[in-house]
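[1] After the sequence you'll find the predicted model.
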Amino acid sequence: MLPTTTKMLELEIIKLKETVGAYKEQNAFLSQEIVELNNLRTNDSNDKKRLEGKIQELEAELVKVQSKYVILLKEAQTPKHSHDSDVVSQMMAEAMEQQETGKDRSSSDTQYDAYGFKYEKLEADPDESLDSYAKRLDQAQQPDEALASHIAKWDHFMAQYTGGRELVSTAELKLLIRGGVPMQHRGRVWKFCVRRTIQNRYIPGFYHQILADNASKTSVALSQIELDLLRTLPSNKYYNHASAPGIAKLRRVLVAYSWYDSSVGYCQGLNRLAAIALLFLEEEDAFWTLVAVVLHLLPPDYYDLFIDNFPIDTTLRIWDTFLYEGSKVLFRYAMAVFKENEEELLKQENSIQIFNKMRTMAQRSSNINKLTQIAFHDPMMRNFSKKKITQRRDYHRSLVQAEQNSIEVERVKRKHDSPRYNDVDSDDDDT
Amino acid sequence: MARATDKKYDHLFQLLLCGDSSVGKTCLISRFADNEFRHTHINTIGIDFKLKLFTIRDKKIRMQIWDTAGQERYETLTAQYYRKAQGIILVYDITREETFRNVTKWLRNIEDHGVKGVKIILIGNKVDLESERKISTRHGQKLANQHNIKFFETSAWKDINVTEAFTELAEQILAKVESGGGRDRGSSSIRESAIKLHEQQPTPATKSHGGCCSGGSSN
């Protein structure tokens, strides 16, 4: 009896062991299933998030399109002039063209910004606080709804001037310009500002004529121009090598100006003005821009216009307003930068520190809307009437002139009693 | 915030670079001050500067290096800086003859506007362009000898002789400052401009001016 019972129990154990093995296998299989299903679930939820993001983007896009569409509809409902009937189709064509160029840009020119400047990442400066860097990054990434609405306003405004009609100076235009001219309208608006400034100096065909008339001549100005062409906007793809598309145009514009204004000829600094103008204007209009800036808009011997100090977007925004309102704008923006950095500046202890600080504060002035706000609406600005600015300029110019005269007097004196002279103290107290 | 001036230094030297347009003044300064060379950079308008802290014989020297525009039009502006400089580096381009011919003109400018006894170094730059050389080393050296100044041939691009040239100039100024001036009154003014100071202390020089940017009013 006993041995058979033992045998049966042994058999039972073997069976049970087999069952355990089977369960183990099943368990392993199910665990694997769970892991796989979990993966699938994660993938799905990621997909969902991505699609939701896409939907949001598209909805935002839709709102933009809708608002433009409404403007277009309004425009179409109340045609102001009979030949406006094709406004809609024209604007549609323009919009499509813009979309096309937009696509091109994103696919092939990824390393350049919309103006052709090499794209530079926002990088923290070693002496910049993390907080300030974070703010700048934040600013750069914010999708700008206000900007979209501003552009829509511009589109609406410009719709009045289709079919080659001339722009007209109005209070509305002035305000729009202060808010910044969108890239697609900048060429037209700048051209208008320039022609408005130079008035009857403008002669059609003159630009090409003056180049042709002087084609065989050489001058000191011409050789200096050659030295500067590649040192103008070297980080911009239109000007970064000798055969880049902007270089030949830049040369012709500067050469034409040197013949036109023989008292200035060519002055370093004009190259950058012309290069910026050529980003948005035809050669001929870039030439007249130099005429407007040098002969009408700027105080004498002042050709820099903040070009390498501010970020390019800021520079262009200042240009927009400057071309329409003149040199007081430069003063206002300069004061705005000082105001925005008042606290920091007052901490500096000497002229070299101030100089350095000014350089970095201009480079970081990317919030042009805030600067514009200060430049045109800060109560401080009430103290700077055009008359007062002119007075102060004249006063300080006379001081500089006096200093120059004293240097000259001393120079002559020194030549006379050469070995022993009383040299002026070099006032170089750097602390 | 890290401020360069938090560091202490023994001497403050003001140097200036002059010479024709496009001879490489800005590149020489970038090489010396930042050990950097850019094939493309923008032309200097008016005046610019860089700072460099530098040690010679255990003395910490803070250098203010003024960079000037080479175009003749800016001469009245840049001349104002000549009289503040204790050392001037005059640069020509060995591949462009006219820049060498103009060295005499620049020397005259320095004589006219600079402090008497100002230390001058002559640099023939761009020796990396040997195949395009127009001015021989012998010619450059001869001109330097005539005017009793030191001469270097450099390449800002290949980093040849740049530090050596700046060091030589700094040595000369330091020697002059440490010798306590010299024979003429010109050098006493140099001593004053080489204000020996530690940061945060008021100027220990004989004269002290009010503000640093009071412009012409203090004269």
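    Thanks, I have the structure now.
[2] Mind pulling the model confidence for residue 37?
    Picked chain A for this. With respect to pLDDT, residue A:37 has a value of 88.
[3] Actually, chain B is the one I wanted.
    91.
[4] again with residue A:149
    pLDDT, residue A:149: 88.
[5] List the contacts of it.
    residue A:67 (CB atoms under 8 Å, 6 or more residues apart in numbering or on different chains). Heads up, the C-betas are built off the backbone N, CA and C, glycines and all.
[6] how near is it to chain B?
    36 Å (CB to the nearest CB, to the nearest Å).
[7] List the buried residues of the one helix or strand that residue maps to.
    In this structure, residue A:149 sits in helix A:145-158 according to DSSP states H and E. By neighbour count on 16 or more other CB atoms under 10 Å in any protein chain shown, the buried set for helix A:145-158 is A:150, A:151, A:152, A:153, A:154, A:155, A:156, A:158.
[8] was I right about the second one contacting residue A:180?
    No: using CB atoms under 8 Å as the test, residue A:151 is too far from residue A:180 to be in contact (9.3 Å).
[9] Could you find the closest non-adjacent residue to the one residue in chain B that gets nearest to chain A?
    Among all residues of chain B, residue B:40 sits closest to chain A, at 3.2 Å; criterion: CB to the nearest CB. Using CB to CB, 6 or more residues apart in numbering or on different chains and skipping residues adjacent in sequence, the residue nearest residue B:40 is residue A:234, 3.2 Å away.
[10] Could you do residue A:374 as well?
    According to CB to CB, 6+ apart, the nearest residue to residue A:374 is residue A:336 (3.9 Å).
[11] how deep is that neighbour tucked in, by neighbour count?
    24 (other CB atoms under 10 Å in any protein chain shown).
[12] cool, residue B:42 as well?
    19.
[13] and the gap between it and residue A:274?
    14 Å (CB to CB, to the nearest Å).
[14] Quick one: residues contacting residue A:116.
    Shown in contact with residue A:116 (CB under 8 Å, 6+ apart): A:236, A:237, A:238, A:279.
[15] gap between stretch B:169-184 and the chain center?
    Centroid separation between stretch B:169-184 and its chain, computed with CA atoms, centre = their mean, to the nearest Å, is 15 Å.
[16] buried ones in that stretch?
    Quick answer for stretch B:169-184 (16+ other CB under 10 Å): B:169, B:170, B:172, B:173, B:174, B:176, B:177, B:181.
[17] and if you look at stretch A:247-267?
    A:247, A:249-261, A:264-267.
[18] Is there proximity between that stretch and chain B?
    Yes: interface with chain B: stretch A:247-267 contributes residue A:267 (CB under 8 Å from any CB of the partner chain).
[19] just checking, the residue of chain B closest to chain A is part of a strand?
    No: going by DSSP: H, G, I helix; E, B strand; the rest coil, the assignment for residue B:40 is coil, not a strand.
[20] what's it sitting at in phi/psi?
    phi -120, psi 120 (degrees, to the nearest 10).
[21] just residue B:59 next, same as before
    phi -100, psi 130.
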